[in-house]
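*Asks:* Here is my input, please return the structure:
(2 chains, ligands or ions: 1)
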Amino acid sequence: MKVIVDEERCVGAGQCVLAAAEVFDQREADGIVVLLDAGPPDALHASVEDAAARCPALAIEVRRGGA
Amino acid sequence: MNDTPPGADTRPGTDLRPTTGACPATGARPATDAPRPAPRPQPTVRTCPFDPPEEYRTLREQDPIAPVTFPDGATGWLVTRHEDVRAVLADPRFGANRRPARLGSPAPADTPLPPPPPGMFLMMDPPEHTRIRRLLTGQFTVRRMRQLTPAVERIVAEQLDAMASAGGPADLVRDFALPVPSLVICELLGVPYADRADFQRDSSAMLRLDATQEEARQAHLAMHRYIHELALAKRVAPTDDILSGLMQDGRLTDEEVAGVGALLLLAGHETTANMIALGTMCLLGNPGQLAALRADPSLMDNAVEELLRYLTIIQFGLRRVALEDVELGGHLIEAGSTVLASVTSGNRDAERFSGDPDRLDVRRPYSPHLAFGHGIHQCIGQQLARVEMKAALSALLDRFPGLRLAVPAEKVPMRDDMLIYGVHELPVTW
Ligand code: SF4
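*Replies:* Residues are numbered from 1 along each chain as shown, chains lettered A, B, ... in the order given. I've put the predicted structure just below:
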């Protein structure tokens, strides 16, 4: 799994942090998403998908299959 | 000087949006423009205090994107399915500046929309919206809000102490649900809590559905003026709060700071207060769920999300305006049309929420709900709301094991007359 975030789109709602704190954080200064792990282990895939589904701004893209 | 309240159509503005769905080149209309059924009235009448109006179920099943007449006489579209509500709220072709939802004053449908008041980023589209929201997002991150938890818990405990020592019955709204978020947002913004009677009166006037445009305008003006003066004082003598930070930062005009401040103050206490009070009433009305929660306090996070989903207090939905012709579920939404995305209805959609979505179930697995909206305007204060609801409900249940309504449930005055649903009062005893 490859995770890509779009800082431009992010509106700092923090939904991704709630869903997968191991993979997403928010910048202290402006609350914009910080990607901690672009290739999270299998065990986190479900919560990363959940984060992408929750994100209100469609700022998280998940690519399956190691691309 | 711009002091129009959110949505009051009192000033002239320019509106260059096209108003026809026809192709500009050929005049042809898209094939999706099926013969249009007569608009039905927007459902507004509840039969159960915790459920949205019954008609939403039929609409979701039979006419999920329905032409409607709003209570003020204007027409538009009502979107009721979870998926469609999300789609509308995430679609940049739907703009956030819109007409107000009021019962009293007929909307002159052909009057162009005035620009939103300065700082009112809830009613703005990018890039203006982005410019203002970005200055605030850092203040409301998950981490910051968690750091605030002990302070919130202290405020909660103090209010409960006061309630306990005064003895029951108490009005849970006046004595607990309203003071807690008001104290917290005052602290965060740097607004003196001593001024609460004034700003609570103004914000409630702004949310009353039967307020005339003039009443709403005056209330907004008063709130704006109040924050403006406060902000100016903070330029000279800054303190450690959001208003001072915005004044020091200098990227917003003073007028914009006042607008942002008024919006955060209003949204920061009205919404959470109602979720705490209505949430409590709802738990008391669902004794099995309440018992489950008391037996296993680790369910609280989940219960908060479930209450947000089940009670969704933005009772008349979120309004948007089509900035261009948009095809939605086989309908042509013409540029300039109002679209009402019903978050309450979306949150009861059986296609999205398994089990029976019309039942409160504190164990329901989390699925993204629409209580905080969706898209770029999704509530900036949602993490604060979660922290407050969790702290308030946990401590309340803990402190008063015998908590119960002090009047029959039918006697509780519900906020059918307000933009934000909830209870006007909640008499409880213990
Ligand atoms: S959920 Fe989306 S909008 Fe919210 S902080 Fe994460 S990436 Fe940004």
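*Asks:* what residue ranges in chain A are flagged as low confidence?
*Replies:* A:66-67 (pLDDT under 70).
*Asks:* Show me which residues of it sit near chain B.
*Replies:* A:11-15, A:17-18, A:21, A:25-32, A:53-54, A:56-58 (C-beta under 8 Å from any C-beta of the partner chain). (C-beta placed from N, C-alpha, C; glycine too.)
*Asks:* mind redoing it with 6 Å?
*Replies:* A:11-14, A:17, A:26, A:29-31, A:53-54, A:56-57 (C-beta under 6 Å from any C-beta of the partner chain).
*Asks:* Switch these over to CSV; also include distance to residue B:190, secondary structure and neighbour count.
*Replies:* As requested, these are exported to CSV (distance: C-beta to C-beta, whole Å; DSSP: H, G, I helix; E, B strand; the rest coil; neighbours: other C-beta atoms under 10 Å in any protein chain shown):
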residue, distance to residue B:190, secondary structure, neighbour count
A:11, 24, coil, 24
A:12, 21, coil, 25
A:13, 24, coil, 31
A:14, 23, coil, 28
A:17, 26, helix, 23
A:26, 23, strand, 24
A:29, 20, coil, 10
A:30, 20, coil, 17
A:31, 19, coil, 27
A:53, 36, helix, 13
A:54, 31, helix, 21
A:56, 28, coil, 24
A:57, 28, coil, 20
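*Asks:* Check these and tell me the two furthest apart.
*Replies:* Across the residues of chain A next to chain B, the longest distance by C-beta to C-beta is 26.8 Å; it joins A:29 and A:53.
*Asks:* how about residue 54, what does it touch?
*Replies:* This is for chain A. Residues near residue A:54 by C-beta atoms under 6 Å, 6 or more residues apart in numbering or on different chains: A:15, A:19, B:368.
*Asks:* Chain B was what I was after
*Replies:* Counted by C-beta under 6 Å, 6+ apart, residue B:54 has contacts residue B:47.
*Asks:* So which bits of chain B are right by chain A?
*Replies:* So chain B meets chain A at B:134, B:137, B:138, B:141, B:142, B:368, B:374, B:375, B:376, B:378, B:383 (C-beta under 6 Å from any C-beta).
*Asks:* who wins for neighbours among those?
*Replies:* In terms of neighbours by other C-beta atoms under 10 Å in any protein chain shown, those top out with residue B:374 at 28 neighbours.
*Asks:* Would you agree that residue is in contact with residue B:87?
*Replies:* No - assessed by C-beta atoms under 6 Å, residue B:374 is found out of contact with residue B:87, at 9.0 Å.
*Asks:* near the ligand, from the contacts of residue A:54?
*Replies:* When contact is defined as C-beta under 6 Å from any ligand atom, these meet the ligand at residue A:15.
*Asks:* can you tell me which of the contacts of residue A:54 are in helices?
*Replies:* A:15, A:19 (DSSP state H).
*Asks:* touching the ligand at all, stretch B:79-98?
*Replies:* No - shown here: stretch B:79-98 not in contact with the ligand (C-beta under 6 Å from any ligand atom), separated by at least 11.2 Å.
*Asks:* taking the mean pLDDT, what do you get for that stretch?
*Replies:* Per-region confidence: stretch B:79-98 scores 96 on mean pLDDT.
*Asks:* Pipe the contacts of residue A:54 into TSV and attach distance to residue B:416 per row.
*Replies:* Listed next are these as TSV, based on distance: C-beta to C-beta, whole Å:
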residue	distance to residue B:416
A:15	31
A:19	35
B:368	27
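*Asks:* Closest one of the contacts of residue A:54 to the ligand?
*Replies:* Distance to the ligand across the contacts of residue A:54 (C-beta to the nearest ligand atom) is lowest for residue A:15, with 3.7 Å.
*Asks:* how many neighbours does the closest one have?
*Replies:* 27.
*Asks:* Spatially, which residue comes closest to it, not counting chain neighbours?
*Replies:* Of all residues not flanking residue A:15 in the chain, residue A:54 sits nearest, at 3.9 Å (C-beta to C-beta, 6 or more residues apart in numbering or on different chains).
*Asks:* contacts for stretch B:416-429?
*Replies:* Looking at what lies outside stretch B:416-429 - C-beta under 6 Å, 6+ apart - the contacts are B:168-173, B:207, B:209, B:270-271, B:274, B:277-278, B:281, B:313, B:315, B:403, B:406-407, B:412-415.
*Asks:* Buried ones from those residues, can you make that a ChimeraX selection?
*Replies:* This is the ChimeraX syntax for the buried subset of those, where burial follows 16 or more other C-beta atoms under 10 Å in any protein chain shown:
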select /B:168,170,171,172,173,207,209,270,271,274,277,278,281,313,315,403,406,412,414,415
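*Asks:* Can you give me the buried ones in stretch B:116-133?
*Replies:* Here stretch B:116-133 shows B:116-125, B:129-130, B:132-133 as buried, counting by 16+ other C-beta under 10 Å.
*Asks:* In strands only, show me those.
*Replies:* Nothing among the buried residues of stretch B:116-133 maps onto strands, per DSSP state E.
*Asks:* Same list (those residues) but as TSV, adding pLDDT.
*Replies:* Output for these, formatted as TSV (pLDDT from 0 to 100):
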residue	pLDDT
B:116	89
B:117	90
B:118	93
B:119	94
B:120	93
B:121	95
B:122	93
B:123	94
B:124	95
B:125	95
B:129	96
B:130	95
B:132	96
B:133	95
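*Asks:* Nearest to residue B:333, out of those residues: which one, please.
*Replies:* Closest approach between those and residue B:333, by C-beta to C-beta: residue B:125, at 16.5 Å.
*Asks:* Pull the contacting residues for the closest one.
*Replies:* Going by C-beta under 6 Å, 6+ apart, residue B:125 touches B:95, B:96.
*Asks:* gap between it and residue B:96?
*Replies:* To residue B:96, residue B:125 is 6 Å away according to C-beta to C-beta, to the nearest Å.
*Asks:* any idea how far the residue of chain A most remote from its centre lies from residue A:22?
*Replies:* Relative to the centre of chain A, the most outlying C-alpha is that of residue A:29, 18.0 Å out, by C-alpha atoms, centre = their mean. Distance, residue A:29 to residue A:22, using C-beta to C-beta: 22 Å.
*Asks:* How about residue B:424?
*Replies:* From residue B:424 across to residue A:22, the span is 44 Å (C-beta to C-beta).
*Asks:* Do a quick rundown of the strands in chain A.
*Replies:* Ranges of strands in chain A, per DSSP E, are A:2-5, A:24-26, A:33-35, A:60-63.
*Asks:* roughly how far apart are residue B:415 and residue B:44?
*Replies:* Residue B:415 is 13 Å from residue B:44, by C-beta to C-beta.
*Asks:* Over to residue B:261?
*Replies:* Counting by C-beta to C-beta, the gap from residue B:261 to residue B:44 is 31 Å.
*Asks:* More neighbours: which of the two?
*Replies:* Shown here are residue B:261 and residue B:44; by other C-beta under 10 Å, residue B:261 has more neighbours (26 against 16).
*Asks:* about what we covered before: out of the strands of chain A, which one sits most buried?
*Replies:* Mean neighbours per residue, mean count of other C-beta atoms under 10 Å in any protein chain shown, is largest over the strands of chain A for strand A:24-26, with a mean of 23.
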